[in-house]
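Novice: I'll drop the sequence and a predicted model, then ask my questions.
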Amino acid sequence: QVQLVESGGGLVQAGGSLRLSCAASGRTFSGYAMGWFRQAPGKEREFVASISRSGGSTYYADLVKGRFTISRDNAKNMLYLQMNSLKPEDTAVYYCAAGIIAGMRRTQDCAYWGPGTQVTVSS
């Protein structure tokens, strides 16, 4: 089992930046593909970005491509999401997830989830 805890959320103005972190513990972190998903009030949880076990391949939702960057540090058991040029529509709870499918984009591909961290972007 893998335990995941997100941090780094908060309130930021449109155009600003935030860096989310996800600390993993338990089973071997490097054995899992990792991803970020988000859920806005009244909406379904949606894919944001994912990264392969080694970090060599990354995948992004079209809505965030060019603005967000996913990365991982397997030595530190950490996953990151650098978010730049934030928009009010990026407001959501952001979740870290672990799975076994490279390039995972669906919530059903994820075996483990963190509790989430709130990101609010003001206009």
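Specialist: That came in fine, so what should we check first?
Novice: what lines up beside the helix or strand encompassing Gln3 in the sheet?
Specialist: Secondary structure assignment for Gln3, by DSSP states H and E: strand 2-7. In its sheet, strand 2-7 lies beside strand 18-26 (antiparallel), with partners assigned from DSSP bridges.
Novice: buried residues in the partner strand?
Specialist: For strand 18-26, the neighbour count (16 or more other C-beta atoms under 10 Å) marks 18, 20-24 as buried. C-beta here means a position set from N, CA and C on the backbone, and glycine is covered the same way.
Novice: okay if I get these as TSV plus distance to Gly56 and pLDDT?
Specialist: TSV is the format used below for the buried residues of strand 18-26 (distance: C-beta to C-beta, whole Å; pLDDT from 0 to 100):
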residue	distance to Gly56	pLDDT
Leu18	25	98
Leu20	21	98
Ser21	20	98
Cys22	19	98
Ala23	22	98
Ala24	18	97
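Novice: which among the residues you listed gets closest to Lys87?
Specialist: Taking C-beta to C-beta as the measure, Leu18 is the one of these closest to Lys87, at 12.1 Å.
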